[in-house]
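> show me how the following folds:
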Amino acid sequence: MYDFLLGGKDNFEADRKACEALANGIPELVTFANDNRAYLARAVEYVAAQGVDQFLDLGAGLPTADNTHHAAQRHNPEARVVYVDHDPIVLSHGRALIDDSVRTAFLLADIRDTDGILSAPETTRLLDLDRPLCVMLVSLLHCLPDDSDPFGMVRRLMDRLAPGSCIIFSHIVSDDPAAAVWMTDKILSFGTPWGRVRSPEEASVVFDGLELASPWLDGRDEGPFAVDCATWRKPDADPRFRPASAESKLWELSGVAFRR
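Model (predicted):
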């Protein structure tokens, strides 16, 4: 679905029909997806500029435009990336599309299995857990139901990583309970295992115990620090907690946060 919204070609008819159904209730859905993808690239380039050169991309999905390794290697050609997904189709497509297997790998795993992920041969070959590592959690945790304890999973994972490690995070949120329920129910109606749209306060729990980076392009120490992904370190735009239009009931709360 995400690939289709980004204008890609690696998607299926069921994905396209699902996107059309969602767009009936969220007309800004295409903008929503592209804003999130642009945020991923800005955030990865920012983290790479801080000296972090290894990335663990959880719930990567089908490879599409401007993937994590593209953004990271623009800043540091030696950056290493391990993509993780539980879908065998993602694995086969990913391995076929990656042209740098020396610095990039795809791992088939359940993202909740942190021990298995960190000990997998693909991970141990490319990533050094004694050095700072960036964990990608972009448009991911809203896919996990509450009984999977998604935020506890993140805390346990970060506790395993070296100081200086960080997360790049975005999560679909709403301050309108009816809008949150509508989107959650619509996606679940497609038969897709999913979590739910959470409130900004619920999603912000992911940052507990971590130090949020400034969302301002000039790095100023001024809030808000968790913001709509469309405004995180975006040129010619001030960071905003939520979209400017009151009619926008859904957005992706985002932030980059470090373990100090």
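> per-residue pLDDT, residue 237?
For residue 237, the model assigns a pLDDT of 89.
> what kind of secondary structure is it in?
Look at residue 237: counting by DSSP: H, G, I helix; E, B strand; the rest coil, its state is coil.
> can you get me a residue count around it?
13 (other C-beta atoms under 10 Å). For glycine as for every other residue, the C-beta is placed from the backbone atoms N, C-alpha and C.
> just checking, it touches residue 227?
No: contact between residue 237 and residue 227 fails when scored by C-beta atoms under 8 Å: they sit 10.1 Å apart.
> so which residue is dead centre in this structure?
residue 138 (0.6 Å; C-alpha atoms, centre = their mean).
> next one: stretch 143-160 to chain centre, how far?
How far stretch 143-160 lies from its chain's middle: 14 Å, per C-alpha atoms, centre = their mean, to the nearest Å.
> pLDDT below threshold where in the stretch 1-150 of the chain?
1-2, 4-11, 19, 25-30, 62-65, 88, 90-100 (pLDDT under 70).
> before we move on, the earlier item: backbone dihedrals for the residue nearest to the centre of the chain, both of them.
Per-residue torsions, residue 138: phi -90, psi 120 (degrees, to the nearest 10).
> enumerate every residue touching the spatially closest residue to residue 250 that is not a sequence neighbour.
The shortest distance from residue 250 to any non-neighbouring residue, by C-beta to C-beta, 6 or more residues apart in numbering, is to residue 174 (5.0 Å). Residues near residue 174 by C-beta atoms under 8 Å, 6 or more residues apart in numbering: 180, 183, 197, 199, 249-251.
> got TSV for those, with pLDDT, neighbour count and secondary structure too?
Listed next are the contacts of residue 174 as TSV, based on pLDDT from 0 to 100; neighbours: other C-beta atoms under 10 Å; DSSP: H, G, I helix; E, B strand; the rest coil:
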residue	pLDDT	neighbour count	secondary structure
180	94	21	helix
183	89	21	helix
197	96	24	coil
199	98	14	coil
249	88	21	coil
250	90	21	strand
251	94	26	strand
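> widest-spaced pair of these?
With C-beta to C-beta as the measure, no two of the contacts of residue 174 lie farther apart than 183 and 199, at 13.0 Å.
> tell me how far stretch 160-173 is from the chain's mean position?
With C-alpha atoms, centre = their mean, you get 9 Å for stretch 160-173.
> tell me the phi and psi of the residue nearest to residue 250?
Backbone torsions for residue 174, taken as degrees, to the nearest 10, come to phi -150, psi 140.
> hmm, residue 185 and residue 196 touching each other?
No: assessed by C-beta under 8 Å, residue 196 is found out of contact with residue 185, at 9.2 Å.
> so what's residue 222 scoring on pLDDT?
For residue 222, the model assigns a pLDDT of 93.
> count of neighbours near the nearest residue to it once chain neighbours are set aside?
Closest residue to residue 222 apart from its sequence neighbours, by C-beta to C-beta, 6+ apart: residue 216 at 6.5 Å. Counted with other C-beta under 10 Å, the neighbours of residue 216 add up to 18.
> what helix or strand is residue 84 located in?
Using DSSP states H and E, residue 84 falls within strand 80-85.
> which residues touch the residue nearest to the centre of the chain?
Residue 138 neighbours (C-beta under 8 Å, 6+ apart): 36, 39-40, 43, 57, 168-170.
> specify the beta-bridge partners of it.
Beta-bridge partners of residue 138, counted by DSSP bridges, are residue 170.
> for it, give its distance to residue 167.
10 Å (C-beta to C-beta, to the nearest Å).
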